[in-house]
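> Model the following, please.
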Amino acid sequence: MNEALQLLRDSREGRERRSPTRCALQATFHQAWPPVGWTHRVRTGAAAVLVEQLDWLPWLDDARALLDARELACVERRRRPGDRVSLILAYALHRLLLSVLLDIAPAAVPIGRDAKGCPRLAGHRLWTSLSHAEGHLAFAFSGVGAVGVDIEPSTRAAELPEIADRVCTPAEADAMRQLDRPVRAARLLELWVRKEALLKAAGIGLEREMDTFEAPAGVPLRLEGLEAVRAGMLASGPDCVAAIASVVHPRTANPGPDIQWLRSART
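Predicted structure coming up:
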């Protein structure tokens, strides 16, 4: 059975297992979130939230009901059922997380998109980014400047050595060639997600080729008008690889992004 059908089957089975007193997505979310002090940490630095999709599939119908017309249209444009499931959960949980940060109702969260498709929050000094991969979601938030996040399945590492020249600068490529192939593949995937996160933080997506800039972990860089932006890896477990890029604020002592997993009460 392919991934998309398995996701949909798990969703149906999860709904069937629910008790007669139906626990809606929003109620389940608020039982699980937020951790103490999380809102303050976002306002003074950057934070990342990671999600396993299977944990939230029982509330897929409730998640879809939270989406606005633009989001629903984006979902319908996806051909693969698994991609539609991922996008529904990503949009809904993103909206719920933002509602906590902004202290407003989910329906009132002013999520928009700029001309390049990056999420923007009109009227609020809060930056955000989201990404989804096979079975996982990643969200990033910052109250001090631009932020970007990227997540990819670990299995993608196998294909990256074949396109290393498109990912690496000449210096990075030289360093990669010194590694054994399995290690090189893993390091290339880590480099890919750091560069994706940096490009998202800069608001330019894939308009700039990855082989034109370096992305060492934890080192402040200047990129597309951002005076100091830093990319780092997230502790995402064995099934996926994720990175966050955020502006380094000179007046904050926050050493790095706060990382949290969003898990429903059933796990």
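
> Every contact and neighbour count from this point should use C-alpha atoms.
OK.

> so how far is the helix or strand hosting residue 183 off the chain centroid?
Assigned by DSSP states H and E, residue 183 belongs to helix 181-202. The chain centroid and the centroid of helix 181-202 are separated by 14 Å, computed with CA atoms, centre = their mean, to the nearest Å.

> Next secondary structure element downstream of it?
Heading C-terminal from helix 181-202, the first helix or strand you meet, by DSSP H and E, is strand 221-223.

> And the average pLDDT for that following strand is what?
Mean per-residue pLDDT for strand 221-223: 90.

> Parallel or antiparallel, list what pairs with it.
strand 226-234 (antiparallel) (DSSP bridges).

> got the angle for the strand it pairs with vs helix 181-202?
Orientation check (axes from the mean of the first three to the mean of the last three CA atoms, to 10 degrees): strand 226-234 against helix 181-202 gives 140 degrees.

> How about the contacts made by the spatially closest residue to residue 91 that is not a sequence neighbour?
Sequence neighbours aside, residue 67 is the residue nearest to residue 91 in space, at 6.8 Å (criterion: CA to CA, 6 or more residues apart in numbering). Counting by CA atoms under 8 Å, 6 or more residues apart in numbering, residue 67 makes contact with 88, 91-92.

> for residue 67, phi and psi?
Main-chain dihedrals, residue 67, degrees, to the nearest 10: phi -80, psi 150.

> mind starting the numbering at 741 from now?
In the new numbering, first residue 741, that becomes residue 807.

> Mind listing residues that contact stretch 906-923?
Stretch 906-923 is contacted from outside by 901, 904-905, 924, 927-928, 931-932, 949-954, using CA under 8 Å, 6+ apart.

> per-residue confidence averaged over whichever strand or helix holds residue 840?
Using DSSP H and E, residue 840 sits in helix 821-842. Helix 821-842 carries an average pLDDT of 96.

> and whichever helix or strand comes after that helix, how far out from the chain's middle?
Next along the chain after helix 821-842, taking DSSP H and E as the criterion, comes strand 851-853. Taking the mean of its C-alpha atoms, strand 851-853 sits 16 Å from the chain's own mean (CA atoms, centre = their mean).
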